[in-house]
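[1] sharing a sequence plus its predicted fold:
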Amino acid sequence: MGEALEREELRKAVELARLIAREAERGARWPSPALILNRGARTRKAMRTRKRAGAMPPIVTVIIFVAAVVAAALAAYFIYATTARGTRQVMLTVVGQPTLYARQDGVELRVTFKNDGTADVDLAKSIVNVQNKTKAAVEFGFAGPATSDAKTSHGPCTTDSCKLAPGDSIAVVYTYTGVTLENFPDGAMATLQTRDGYQTSFAVAKP
């Protein structure tokens, strides 16, 4: 969605620059009168006037130049921004063995993630879908860090914000109520999905 909006803004800006240039050129075609001496000046013949068409006033040249520079700058910025986004990527890896544990009200998943990518990733409000014994996906919600004092480079990890900078790692908890540990097989497949759309899959174990 963000890239589409940027492309649309770039298109509008370039079209505006082209419009300015076209209007400037159109205005430059208006004839400007100029007096010139004719060859019969020495014989006291009256001076004649000629209209010089196609002359371009300096201000019009400046407008056209500025419009071209603006269009080129916008295009260069768009290319740079697109390339920068393409090189900045999230890559979460699982550290250790993700494990399911029984709770009084359901089941919790404890897993440690490390950001081996080049862009930040926010685990807050992420989900993990774990396959039960019938291969149905059970959605575990993010419950925060595994320890109350857990921090990342961006600060404390909470249910509202848990950003991992490149190189950061943290142990977190996901929970689901209304089921028991027996509903899941040992080695069940799980898929993490962040609110930004990043996904990664891994297997989970039981104690």
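    In hand now; what should we look at?
[2] contact partners for residue 181?
    Counting by C-beta atoms under 8 Å, 6 or more residues apart in numbering, residue 181 touches 100, 101, 102, 107, 206. Where C-beta positions appear, they are placed from N, C-alpha and C, glycine not excepted.
[3] for the fourth one, name its beta-bridge partners.
    Meaning residue 107. Beta-bridge partners of residue 107, counted by DSSP bridges, are residue 102, residue 176.
[4] isn't it up against residue 174?
    No. Judged on C-beta atoms under 8 Å, residue 107 makes no contact with residue 174 at a distance of 9.3 Å.
[5] any common contacting residues for the two?
    Taking C-beta under 8 Å, 6+ apart as the contact rule, residue 107 and residue 174 both touch residue 140.
[6] could the contacts of residue 181 be laid out in JSON lines, adding neighbour count and distance to residue 122?
    What follows is those, written out as JSON lines (neighbours: other C-beta atoms under 10 Å; distance: C-beta to C-beta, whole Å):
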{"residue": "100", "neighbour count": "24", "distance to residue 122": "24"}
{"residue": "101", "neighbour count": "13", "distance to residue 122": "25"}
{"residue": "102", "neighbour count": "14", "distance to residue 122": "29"}
{"residue": "107", "neighbour count": "24", "distance to residue 122": "24"}
{"residue": "206", "neighbour count": "15", "distance to residue 122": "29"}
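[7] run a quick neighbour tally on the residue nearest to residue 169 when sequence neighbours are not counted.
    The shortest distance from residue 169 to any non-neighbouring residue, by C-beta to C-beta, 6 or more residues apart in numbering, is to residue 114 (3.7 Å). Residue 114 is flanked by 16 other residues according to other C-beta atoms under 10 Å.
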